[in-house]
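S.K.: Show me how the following folds:
(4 chains)
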Number of protein chains: 2
Amino acid sequence: MNIELMEANEQRVKIFKALADPTRIEIVRTLFLAKKELACGEVGGICAVSKSNASYHFRTLREAGLIKVRKHAQTKYTTLDEATLRKYLPGFLETLL
Amino acid sequence: MNIELMEANEQRVKIFKALADPTRIEIVRTLFLAKKELACGEVGGICAVSKSNASYHFRTLREAGLIKVRKHAQTKYTTLDEATLRKYLPGFLETLL
DNA sequence: ATCTTAGTTGTATGAATATTGAACTAATGG
DNA sequence: CCATTAGTTCAATATTCATACAACTAAGAT
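M.R.: The predicted structure follows:
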């Protein structure tokens, strides 16, 4: 059982855990469909979550490499990290259409 | 927020939960690479899991629609459910190569 | 019939996750 | 400087999930 495979599988598990939640699926779906950046606070407008909970979901997605963050003033704008998605889940985003 | 989307997302969450575990990733990977059926008891030879634990993992995968089961005598042979995989995760299996 | 083999199910336990609310930091605007 | 806004962090709680072990069912084999 080689080491590279184990590392790749760890990454896969992290990604699947990150997507194994309805709120986070909705975040990813919104980011893909709207083709625009999303701020943490806007998530509350999509699903019914508190801001601290939204922050937690964003961190989970970020740590899995699924989103990237750009900071401007107090606001953090997130976008999908397409490189990760293409590497580990090619074709997945299109199934959200 | 329409009802069809919510149902599809529930299914997505179920699938991602099912794949969010190293043992189950290995099972899926083995089924794909070996291109043969796998019996519950054989899982212990791939990862270090007890038979009841292997049974639990198979149930999780089956309930997510990721594997199909064929029974012969006492043995249950599983294969990937390619329809589900193609619908929700097209291109994923190939990333396991 | 008895023994063995393959798998399931129940219960218990510990680990990981999700959610909340309050306190906090950092940037902005008056 | 003070108030506001956006987000993070912490502690507490609730829920879900993974694992183990024992008891069980079902199908064969002798």
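S.K.: make it CA atoms for all contacts and neighbour counts henceforth
M.R.: Noted.
S.K.: those helices in chain A, which residues are they?
M.R.: A:3-19, A:22-34, A:43-46, A:51-63, A:82-88 (DSSP state H).
S.K.: near DNA strand D, anything from the first one?
M.R.: No. Between helix A:3-19 and DNA strand D, judged by Cα under 7 Å from any atom of the strand, nothing touches; the nearest distance is 9.2 Å.
S.K.: How confident is the prediction for the residue of chain A found nearest DNA strand C, by pLDDT?
M.R.: Nearest residue of chain A to DNA strand C, counting by Cα to the nearest atom of the strand: A:Ala73, 3.6 Å away. We have a pLDDT of 91 for A:Ala73.
S.K.: and what of A:Val49?
M.R.: 92.
S.K.: Check A:Met6 too.
M.R.: In this prediction, A:Met6 carries a pLDDT score of 89.
S.K.: Same check on the one 10 residues further on?
M.R.: At A:Phe16, the model reports a pLDDT of 98.
S.K.: wait, A:Tyr88 sits on A:Val13?
M.R.: No. With contact defined as Cα atoms under 8 Å, A:Tyr88 does not reach A:Val13; the gap is 10.6 Å.
S.K.: What is the helix or strand of chain A with the lowest mean pLDDT packed up against?
M.R.: Every helix and strand of chain A was ranked by mean pLDDT, DSSP states H and E. The lowest is helix A:43-46, at a mean of 84. Judged by 3 or more Cα pairs under 8 Å, 6 or more residues apart in numbering or on different chains; DSSP states H and E, helix A:43-46 is in contact with helix A:51-63.
S.K.: State the separation between the helix it packs on and the centre of the chain it belongs to.
M.R.: Counting by Cα atoms, centre = their mean, to the nearest Å, helix A:51-63 is centred 9 Å from the centre of its parent chain.
S.K.: This completes my enquiry, with thanks.
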